[in-house]
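S.K.: give me coordinates for this.
(4 chains)
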Protein chains: 2
Amino acid sequence: MTDKIELTAEVKQMALIAKAMSHPVRLYILKKLSTMNACCYSGDLVEELPIGRSTLSQHLKELKFAGLIQGEIEPPYIKYCLNKENWAKARELFAQLFDNQNNNALKKLNL
Amino acid sequence: MTDKIELTAEVKQMALIAKAMSHPVRLYILKKLSTMNACCYSGDLVEELPIGRSTLSQHLKELKFAGLIQGEIEPPYIKYCLNKENWAKARELFAQLFDNQNNNALKKLNL
DNA sequence: TCTATATTTCGCAAAATAACGAAATGTTTA
DNA sequence: TAAACATTTCGTTATTTTGCGAAATATAGA
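M.R.: Numbers count the residues shown, from 1 in each chain, chains lettered A, B, ... in the order given. Down below sits the predicted model:
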């Protein structure tokens, strides 16, 4: 009988991050925050997305829970931005999975 | 009143891929198939993973549904491997999201 | 203090997911 | 043909997710 493997904390963490990314609305938000390196307000998002306020709030909560974004209180708004540290961690986890060769090439360039 | 955005097919497809990756067992399988560029059998997996056969079968089905793996019948086994084309597509989608600068650097190297 | 604004929390319903064991399918070998 | 093996499908249950509107919270400005 071969031994059972215990799934590592790393795999579990990455699955959590993937789960946060597994909804089109959440991915849209992440894309928006990352590609322009910008921040945004819940009110901006609710105007462009085809969902209600409370639903959006839930999605933001999940992104926060996964550590991918953070909210700064900027009365009367809450400004949401990427959590850069965790975003970099996530990038690394996905690069590791997808892109071993390319990733090594990058290291040689000291980027 | 600002116009609502229709979520793009690309975002939806990426969300689907992320969903397939959002469970530790499925991520473990993908990691295994990608890092050694190997294939494996359901029987191998069920021996090392802490889940039952039918549950594993469901997970494999979901990975197939997302297009990330494919099964070749090799009696009496079914050999599961990455779907390389879709895997490359997924890599690109995530690289685009995470890694714009690095990605551009790679393109300059013609890797 | 009262009102308007921005956002979240609550309570709910519908749908999807995860897991299991039993039964079914299909193939190989005795 | 019968038995053994690998894997999937089915039926079920428990849990989680998604979405909404109403109510709550908190702040800003009149």
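
S.K.: what's the helix ranked longest in chain A packed up against?
M.R.: With secondary structure taken from DSSP state H, chain A has its longest helix at helix A:84-98. When contacts are defined as 3 or more C-beta pairs under 8 Å, 6 or more residues apart in numbering or on different chains; DSSP states H and E, helix A:84-98 sits against helix A:9-20, helix A:100-109, helix B:24-35, helix B:84-98. Every residue, glycine included, has its C-beta placed from N, CA and C.

S.K.: now do the buried residues in the last one.
M.R.: Spelled out, it's helix B:84-98. For helix B:84-98, burial by neighbour count (16 or more other C-beta atoms under 10 Å in any protein chain shown) applies to B:Asn86, B:Trp87, B:Lys89, B:Ala90, B:Arg91, B:Leu93, B:Phe94, B:Ala95, B:Leu97, B:Phe98.

S.K.: what of the third one?
M.R.: Buried residues in helix B:24-35, counting neighbours by 16+ other C-beta under 10 Å, are found at B:Pro24, B:Val25, B:Arg26, B:Leu27, B:Tyr28, B:Ile29, B:Leu30, B:Lys31, B:Lys32, B:Leu33, B:Ser34.

S.K.: dump the residue contacts of the nearest residue in space to A:Pro50 that is not next to it in sequence.
M.R.: Distance criterion C-beta to C-beta, 6 or more residues apart in numbering or on different chains; nearest residue to A:Pro50, sequence neighbours excluded, is B:Lys4 at 4.9 Å. Counting by C-beta atoms under 8 Å, 6 or more residues apart in numbering or on different chains, B:Lys4 touches A:Glu47, A:Glu48, A:Leu49, A:Pro50.

S.K.: A:Leu60 now?
M.R.: Counting by C-beta under 8 Å, 6+ apart, A:Leu60 touches A:Ile29, A:Ser42, A:Ile69, A:Gly71, A:Tyr80.

S.K.: and it, that one's in a helix?
M.R.: Yes: counting by DSSP: H, G, I helix; E, B strand; the rest coil, A:Leu60 falls inside a helix.

S.K.: could you report the distance from it to DNA strand C?
M.R.: According to C-beta to the nearest atom of the strand, to the nearest Å, A:Leu60 and DNA strand C sit 5 Å apart.

S.K.: what's near enough to touch the most centrally placed residue in chain A?
M.R.: Centroid check for chain A by C-alpha atoms, centre = their mean gives A:Leu68 as the closest residue, at 3.9 Å. Counting by C-beta under 8 Å, 6+ apart, A:Leu68 touches A:Ile17, A:Ala20, A:Leu30, A:Leu82, A:Asn83, A:Asn86, A:Trp87, A:Ala90.
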